[in-house]
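Asks: sequence and predicted structure, then a few things I'm wondering about:
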Amino acid sequence: MIRSDVIKSLLPVIRDEFVVCNIGLPSQELHMMDDQPTNFYMLGTMGLSSSIGLGLALAQKQKIISIDGDGSVLTNFGTLPTIANNVADNFILLIIDNGSYGSTGDQPTYAGKKTSLTAVAKACGCENVVECQAEEAVDVMTAALASNKMTIIVCKCESGNIPVPVITKDPVTIRDRFMDALAAANG
Amino acid sequence: MDVNDRIVADLVKNKVELVTTVPCKQLAGVIDKIEDSKDIYHIPSNKEDEGMGICAGAIMGGKRSAIIMQNTAIGVTINTLATLIQYYRMPLPMLISYRGELGEPVACQVEMAVHTKALLAQMNIPTYHFHKESDIEEFDKILQYTFMCNKPVAILTDATFWKGY
Ligand SMILES: [Mg+2]
(Lines give C-alpha, C1' and ligand atoms only; values in the text may rest on other atoms or scores of the structure.)
Protein backbone atom coordinates (compact mmCIF):
# COMPACT_ATOMS: atom_id res chain seq x y z
CA MET A 1 0.00 0.00 0.00
CA ILE A 2 1.13 3.54 -0.78
CA ARG A 3 0.05 6.75 0.98
CA SER A 4 -3.04 7.30 -1.17
CA ASP A 5 -4.19 3.75 -0.31
CA VAL A 6 -3.75 4.51 3.40
CA ILE A 7 -5.75 7.72 3.12
CA LYS A 8 -8.45 5.97 1.09
CA SER A 9 -8.74 3.17 3.65
CA LEU A 10 -9.08 5.71 6.47
CA LEU A 11 -11.87 7.77 4.88
CA PRO A 12 -14.78 6.02 6.66
CA VAL A 13 -13.03 6.51 10.02
CA ILE A 14 -11.87 10.12 9.63
CA ARG A 15 -14.79 11.47 7.58
CA ASP A 16 -16.63 12.75 10.65
CA GLU A 17 -13.53 14.17 12.29
CA PHE A 18 -11.67 17.44 11.80
CA VAL A 19 -8.55 16.83 9.74
CA VAL A 20 -5.50 19.01 9.09
CA CYS A 21 -3.75 17.66 6.02
CA ASN A 22 -0.13 18.01 5.03
CA ILE A 23 1.05 20.09 2.07
CA GLY A 24 1.28 18.66 -1.42
CA LEU A 25 0.03 15.27 -2.50
CA PRO A 26 -1.57 14.19 0.82
CA SER A 27 -3.89 17.22 0.74
CA GLN A 28 -4.51 16.79 -2.99
CA GLU A 29 -5.38 13.11 -2.49
CA LEU A 30 -7.75 13.81 0.41
CA HIS A 31 -9.29 16.68 -1.53
CA MET A 32 -9.85 14.49 -4.59
CA MET A 33 -11.23 11.50 -2.66
CA ASP A 34 -13.40 13.15 -0.03
CA ASP A 35 -13.47 16.94 -0.05
CA GLN A 36 -15.48 18.45 2.80
CA PRO A 37 -15.44 21.49 5.08
CA THR A 38 -13.97 19.53 7.98
CA ASN A 39 -10.72 19.14 6.03
CA PHE A 40 -8.11 21.87 6.35
CA TYR A 41 -5.73 21.64 3.40
CA MET A 42 -2.26 23.09 3.70
CA LEU A 43 -1.37 24.75 0.42
CA GLY A 44 2.12 25.72 1.57
CA THR A 45 4.35 25.81 4.64
CA MET A 46 5.96 22.36 4.74
CA GLY A 47 6.23 20.86 8.19
CA LEU A 48 3.51 22.64 10.12
CA SER A 49 0.59 20.19 9.93
CA SER A 50 1.34 18.84 13.40
CA SER A 51 1.78 22.35 14.85
CA ILE A 52 -1.49 23.62 13.36
CA GLY A 53 -3.27 20.49 14.63
CA LEU A 54 -1.85 20.91 18.13
CA GLY A 55 -2.93 24.57 18.24
CA LEU A 56 -6.41 23.55 17.12
CA ALA A 57 -6.65 20.78 19.69
CA LEU A 58 -5.50 23.02 22.53
CA ALA A 59 -7.95 25.77 21.57
CA GLN A 60 -11.20 23.78 21.52
CA LYS A 61 -12.84 20.44 22.32
CA GLN A 62 -13.39 18.62 19.00
CA LYS A 63 -10.99 15.86 18.03
CA ILE A 64 -8.31 16.94 15.58
CA ILE A 65 -6.37 14.58 13.33
CA SER A 66 -3.22 15.91 11.72
CA ILE A 67 -2.13 13.91 8.70
CA ASP A 68 1.60 14.38 8.36
CA GLY A 69 4.47 12.75 6.53
CA ASP A 70 7.90 11.51 7.52
CA GLY A 71 9.58 14.23 5.47
CA SER A 72 7.46 16.97 7.01
CA VAL A 73 8.07 15.76 10.56
CA LEU A 74 11.80 15.71 9.84
CA THR A 75 11.47 19.31 8.57
CA ASN A 76 9.76 20.41 11.81
CA PHE A 77 11.42 18.07 14.31
CA GLY A 78 10.94 20.54 17.15
CA THR A 79 7.22 19.77 17.02
CA LEU A 80 7.52 16.42 18.82
CA PRO A 81 8.84 17.79 22.16
CA THR A 82 6.21 20.53 22.03
CA ILE A 83 3.45 17.97 21.46
CA ALA A 84 4.80 15.71 24.21
CA ASN A 85 4.88 18.51 26.75
CA ASN A 86 1.50 20.06 25.88
CA VAL A 87 -0.81 17.07 26.02
CA ALA A 88 -4.12 17.52 24.20
CA ASP A 89 -6.16 14.33 24.46
CA ASN A 90 -8.28 15.40 21.50
CA PHE A 91 -5.23 15.31 19.22
CA ILE A 92 -4.07 12.49 16.95
CA LEU A 93 -0.96 12.88 14.85
CA LEU A 94 -0.89 10.41 11.97
CA ILE A 95 2.54 10.28 10.38
CA ILE A 96 2.29 8.41 7.09
CA ASP A 97 5.87 7.20 6.84
CA ASN A 98 6.71 6.11 3.31
CA GLY A 99 10.41 6.77 3.80
CA SER A 100 10.44 9.38 1.09
CA TYR A 101 9.62 12.95 0.17
CA GLY A 102 6.64 11.86 -1.91
CA SER A 103 5.44 15.20 -3.25
CA THR A 104 8.83 16.13 -4.64
CA GLY A 105 9.61 12.91 -6.48
CA ASP A 106 10.17 10.24 -3.82
CA GLN A 107 13.63 11.25 -2.73
CA PRO A 108 14.53 9.02 0.25
CA THR A 109 14.22 10.47 3.77
CA TYR A 110 16.32 9.47 6.78
CA ALA A 111 13.13 7.99 8.27
CA GLY A 112 13.41 5.32 5.59
CA LYS A 113 16.99 4.65 6.59
CA LYS A 114 18.39 4.52 10.13
CA THR A 115 16.04 6.99 11.86
CA SER A 116 12.94 5.68 13.61
CA LEU A 117 10.27 8.36 14.03
CA THR A 118 8.54 6.06 16.53
CA ALA A 119 11.65 5.98 18.70
CA VAL A 120 12.14 9.73 18.29
CA ALA A 121 8.55 10.47 19.33
CA LYS A 122 8.95 8.28 22.41
CA ALA A 123 12.29 9.86 23.26
CA CYS A 124 10.66 13.28 23.00
CA GLY A 125 8.22 12.23 25.72
CA CYS A 126 5.13 11.34 23.70
CA GLU A 127 3.22 8.77 25.74
CA ASN A 128 1.00 6.96 23.25
CA VAL A 129 3.07 6.17 20.19
CA VAL A 130 1.87 3.38 17.92
CA GLU A 131 3.79 2.12 14.93
CA CYS A 132 1.78 0.13 12.44
CA GLN A 133 1.80 -1.18 8.90
CA ALA A 134 -0.43 0.38 6.26
CA GLU A 135 -2.91 -2.50 6.43
CA GLU A 136 -3.44 -1.84 10.17
CA ALA A 137 -4.06 1.92 9.84
CA VAL A 138 -7.85 1.70 10.11
CA ASP A 139 -7.80 -0.41 13.28
CA VAL A 140 -5.12 1.73 14.89
CA MET A 141 -6.92 4.98 14.04
CA THR A 142 -10.24 3.59 15.28
CA ALA A 143 -8.61 2.62 18.57
CA ALA A 144 -6.88 6.00 18.90
CA LEU A 145 -10.17 7.84 18.37
CA ALA A 146 -11.86 5.66 20.97
CA SER A 147 -9.07 6.06 23.51
CA ASN A 148 -9.54 9.80 24.08
CA LYS A 149 -5.79 9.99 24.58
CA MET A 150 -3.35 12.02 22.56
CA THR A 151 -1.83 9.50 20.17
CA ILE A 152 1.02 9.55 17.68
CA ILE A 153 0.60 6.98 14.91
CA VAL A 154 3.55 6.15 12.69
CA CYS A 155 2.06 4.28 9.75
CA LYS A 156 4.67 2.61 7.56
CA CYS A 157 3.84 2.26 3.88
CA GLU A 158 5.47 2.02 0.50
CA SER A 159 6.48 5.11 -1.42
CA GLY A 160 4.71 5.99 -4.62
CA ASN A 161 2.14 8.42 -5.94
CA ILE A 162 -1.03 8.54 -7.99
CA PRO A 163 -1.90 11.37 -10.37
CA VAL A 164 -3.98 14.02 -8.60
CA PRO A 165 -5.11 17.52 -9.54
CA VAL A 166 -3.81 20.49 -7.55
CA ILE A 167 -6.18 22.24 -5.17
CA THR A 168 -7.47 25.46 -6.68
CA LYS A 169 -9.77 26.45 -3.80
CA ASP A 170 -8.98 29.84 -2.30
CA PRO A 171 -7.13 29.52 1.03
CA VAL A 172 -9.57 31.83 2.78
CA THR A 173 -12.45 29.63 1.60
CA ILE A 174 -10.69 26.55 2.97
CA ARG A 175 -10.08 28.29 6.29
CA ASP A 176 -13.51 29.85 6.52
CA ARG A 177 -15.57 26.72 5.92
CA PHE A 178 -13.32 24.72 8.27
CA MET A 179 -13.78 27.33 11.03
CA ASP A 180 -17.54 27.45 10.47
CA ALA A 181 -17.83 23.66 10.72
CA LEU A 182 -15.68 23.60 13.83
CA ALA A 183 -17.59 26.43 15.50
CA ALA A 184 -20.88 24.67 14.69
CA ALA A 185 -19.62 21.41 16.18
CA ASN A 186 -18.56 23.24 19.34
CA GLY A 187 -21.98 24.85 19.57
CA MET B 1 2.18 49.55 35.96
CA ASP B 2 5.35 47.64 35.05
CA VAL B 3 5.75 47.35 31.28
CA ASN B 4 5.64 43.54 31.37
CA ASP B 5 2.42 43.59 33.40
CA ARG B 6 1.02 46.11 30.96
CA ILE B 7 1.78 43.87 27.97
CA VAL B 8 0.05 40.89 29.60
CA ALA B 9 -2.91 43.03 30.70
CA ASP B 10 -3.39 44.37 27.16
CA LEU B 11 -3.16 40.86 25.67
CA VAL B 12 -5.82 39.66 28.12
CA LYS B 13 -7.96 42.73 27.47
CA ASN B 14 -7.86 41.86 23.75
CA LYS B 15 -8.87 38.26 24.48
CA VAL B 16 -5.54 36.71 23.53
CA GLU B 17 -5.72 33.28 25.15
CA LEU B 18 -2.69 31.47 23.72
CA VAL B 19 0.82 32.86 23.47
CA THR B 20 3.83 31.04 22.07
CA THR B 21 7.33 32.22 22.85
CA VAL B 22 10.91 31.65 21.79
CA PRO B 23 13.15 33.34 24.31
CA CYS B 24 15.39 36.38 24.07
CA LYS B 25 17.26 37.97 26.97
CA GLN B 26 15.28 41.19 26.51
CA LEU B 27 12.02 39.24 26.67
CA ALA B 28 12.77 37.20 29.79
CA GLY B 29 10.60 39.38 32.02
CA VAL B 30 7.52 39.36 29.81
CA ILE B 31 7.84 35.62 29.15
CA ASP B 32 7.82 35.02 32.93
CA LYS B 33 4.63 37.10 33.23
CA ILE B 34 3.00 35.19 30.35
CA GLU B 35 3.85 31.93 32.10
CA ASP B 36 2.35 33.25 35.35
CA SER B 37 -0.86 34.53 33.73
CA LYS B 38 -3.90 32.40 34.53
CA ASP B 39 -5.74 33.85 31.51
CA ILE B 40 -3.16 32.86 28.90
CA TYR B 41 -2.04 29.40 27.82
CA HIS B 42 1.73 29.68 27.39
CA ILE B 43 3.27 27.23 24.93
CA PRO B 44 7.00 27.62 24.36
CA SER B 45 8.08 26.73 20.81
CA ASN B 46 11.36 25.29 19.65
CA LYS B 47 11.36 27.41 16.51
CA GLU B 48 9.33 30.43 15.52
CA ASP B 49 7.75 28.91 12.40
CA GLU B 50 6.52 26.05 14.55
CA GLY B 51 5.09 28.65 16.91
CA MET B 52 3.25 30.37 14.08
CA GLY B 53 1.72 27.01 13.11
CA ILE B 54 0.43 26.58 16.65
CA CYS B 55 -0.95 30.13 16.58
CA ALA B 56 -2.68 29.45 13.24
CA GLY B 57 -4.32 26.37 14.74
CA ALA B 58 -5.46 28.26 17.82
CA ILE B 59 -6.93 31.02 15.65
CA MET B 60 -8.92 28.48 13.64
CA GLY B 61 -9.99 26.88 16.91
CA GLY B 62 -11.53 30.19 17.92
CA LYS B 63 -8.84 31.47 20.27
CA ARG B 64 -6.80 34.58 19.61
CA SER B 65 -3.08 33.98 19.79
CA ALA B 66 0.20 35.88 19.70
CA ILE B 67 3.88 35.14 19.29
CA ILE B 68 6.78 36.61 21.25
CA MET B 69 10.19 36.21 19.60
CA GLN B 70 13.46 37.86 18.64
CA ASN B 71 13.94 39.81 15.39
CA THR B 72 16.37 37.15 14.15
CA ALA B 73 13.24 35.00 13.77
CA ILE B 74 12.10 37.13 10.84
CA GLY B 75 14.72 35.20 8.90
CA VAL B 76 13.16 31.92 10.04
CA THR B 77 9.51 32.77 9.42
CA ILE B 78 9.26 34.56 6.05
CA ASN B 79 7.79 31.49 4.32
CA THR B 80 5.34 30.78 7.13
CA LEU B 81 4.21 34.40 7.21
CA ALA B 82 3.64 34.42 3.43
CA THR B 83 2.12 30.97 2.87
CA LEU B 84 0.19 30.44 6.12
CA ILE B 85 -0.55 33.59 8.10
CA GLN B 86 -0.97 35.97 5.16
CA TYR B 87 -2.26 33.49 2.55
CA TYR B 88 -5.08 32.28 4.84
CA ARG B 89 -5.59 35.82 6.23
CA MET B 90 -4.99 35.28 9.92
CA PRO B 91 -4.40 37.92 12.60
CA LEU B 92 -1.11 37.51 14.46
CA PRO B 93 0.42 40.04 16.83
CA MET B 94 4.19 39.54 16.88
CA LEU B 95 5.93 41.10 19.89
CA ILE B 96 9.55 41.14 18.77
CA SER B 97 12.70 42.05 20.64
CA TYR B 98 14.65 44.31 18.32
CA ARG B 99 18.20 43.22 18.98
CA GLY B 100 21.14 44.95 17.36
CA GLU B 101 19.93 48.48 18.11
CA LEU B 102 21.47 51.18 20.37
CA GLY B 103 22.93 49.60 23.50
CA GLU B 104 23.58 46.25 21.82
CA PRO B 105 26.77 44.58 23.07
CA VAL B 106 26.73 41.64 20.63
CA ALA B 107 28.00 42.69 17.18
CA CYS B 108 26.38 39.82 15.30
CA GLN B 109 22.91 40.97 16.40
CA VAL B 110 23.39 44.08 14.24
CA GLU B 111 23.63 41.87 11.15
CA MET B 112 19.92 40.95 11.37
CA ALA B 113 18.89 44.31 12.83
CA VAL B 114 19.87 46.05 9.59
CA HIS B 115 17.54 43.75 7.63
CA THR B 116 14.62 43.63 10.06
CA LYS B 117 12.55 46.62 8.95
CA ALA B 118 13.34 46.08 5.27
CA LEU B 119 12.12 42.48 5.43
CA LEU B 120 8.95 43.45 7.27
CA ALA B 121 8.33 46.23 4.74
CA GLN B 122 8.92 43.82 1.84
CA MET B 123 6.31 41.51 3.40
CA ASN B 124 3.79 44.40 3.72
CA ILE B 125 3.60 43.73 7.45
CA PRO B 126 2.39 46.71 9.51
CA THR B 127 5.31 47.50 11.80
CA TYR B 128 5.56 49.54 14.99
CA HIS B 129 8.80 50.38 16.80
CA PHE B 130 8.74 50.85 20.57
CA HIS B 131 11.75 52.94 21.65
CA LYS B 132 10.54 54.85 24.70
CA GLU B 133 8.76 53.18 27.59
CA SER B 134 5.71 55.37 26.98
CA ASP B 135 5.34 53.77 23.52
CA ILE B 136 3.61 50.90 25.32
CA GLU B 137 0.55 53.18 25.42
CA GLU B 138 -0.11 52.15 21.79
CA PHE B 139 0.02 48.40 22.39
CA ASP B 140 -3.69 48.02 23.12
CA LYS B 141 -4.62 49.86 19.91
CA ILE B 142 -2.13 47.82 17.87
CA LEU B 143 -3.75 44.62 19.13
CA GLN B 144 -7.21 45.93 18.22
CA TYR B 145 -5.88 46.88 14.79
CA THR B 146 -4.38 43.42 14.26
CA PHE B 147 -7.65 41.62 14.99
CA MET B 148 -9.55 44.18 12.90
CA CYS B 149 -7.46 43.67 9.75
CA ASN B 150 -6.57 39.94 10.04
CA LYS B 151 -2.89 40.46 9.32
CA PRO B 152 0.38 39.66 11.03
CA VAL B 153 1.55 42.86 12.75
CA ALA B 154 5.07 43.44 14.11
CA ILE B 155 5.87 45.35 17.28
CA LEU B 156 9.64 45.86 17.46
CA THR B 157 10.87 46.58 20.98
CA ASP B 158 14.46 47.80 21.27
CA ALA B 159 16.96 47.88 24.13
CA THR B 160 16.11 51.48 25.05
CA PHE B 161 12.45 50.47 25.47
CA TRP B 162 13.49 47.61 27.73
CA LYS B 163 15.83 50.01 29.63
CA GLY B 164 19.06 48.39 28.59
CA TYR B 165 20.31 45.15 27.20
MG1 LIG C 1 7.01 10.76 3.00
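Replies: That came through, no problem. Residues are numbered from 1 along each chain as shown, chains lettered A, B, ... in the order given.

Asks: what is the burial count for A:R3?
Replies: A:R3 is flanked by 27 other residues according to other CB atoms under 10 Å in any protein chain shown. In this view, the C-beta of every residue, glycine as well, is placed from N, C-alpha and C.

Asks: nearest spatial neighbour of it, skipping sequence neighbours?
Replies: Excluding the flanking residues, the one nearest A:R3 by CB to CB, 6 or more residues apart in numbering or on different chains is A:I96, at 5.0 Å.

Asks: can you check B:A66 too?
Replies: Using CB to CB, 6+ apart, the nearest residue to B:A66 is B:P93, at 4.3 Å.

Asks: who touches the host helix or strand of the one you found?
Replies: Here B:P93, judged by DSSP states H and E, is contained in strand B:92-97. Strand B:92-97 is contacted from outside by B:7, B:11, B:16, B:24-27, B:30, B:52, B:55-56, B:59, B:65-71, B:73-74, B:85, B:116, B:142-143, B:146, B:151-157, B:162, using CB atoms under 8 Å, 6 or more residues apart in numbering or on different chains.

Asks: sorry, back to before: run a quick neighbour tally on the residue nearest to B:A66.
Replies: Residues contacting B:P93 under the criterion other CB under 10 Å number 27.

Asks: quickly list what it is bridged to.
Replies: Note on B:P93: beta-bridge partners by DSSP bridges are B:V153.

Asks: in chain B, which residue sits nearest the ion?
Replies: Among residues of chain B, the one nearest the ion by CB to the ion turns out to be B:G53. It sits 18.4 Å away.

Asks: tell me the contacts of that residue?
Replies: With CB under 8 Å, 6+ apart as the criterion, the residues that contact B:G53 are A:T45, A:G47, A:L48, A:S50, A:S51, A:I52, A:G55, A:N76, A:T79, B:T80, B:L84.

Asks: in three-state terms, label B:M69 for me.
Replies: Reduced to three states with DSSP: H, G, I helix; E, B strand; the rest coil, the structure at B:M69 is strand.

Asks: hmm, it is touching B:D49, no?
Replies: No. B:M69 is not in contact with B:D49 according to CB atoms under 8 Å; the separation is 10.2 Å.

Asks: and the residue of chain B found nearest chain A, what element?
Replies: Taking CB to the nearest CB, chain A has its nearest neighbour within chain B at B:G57, 2.4 Å off. Here B:G57 sits within helix B:48-60, counting by DSSP H and E.

Asks: nearest spatial neighbour of the one residue in chain A that gets nearest to chain B, skipping sequence neighbours?
Replies: With distances taken as CB to the nearest CB, chain A approaches chain B most closely at A:G55, which sits 2.4 Å away. Among residues not flanking A:G55 along the chain, B:G57 sits closest, at 2.4 Å (CB to CB, 6+ apart).
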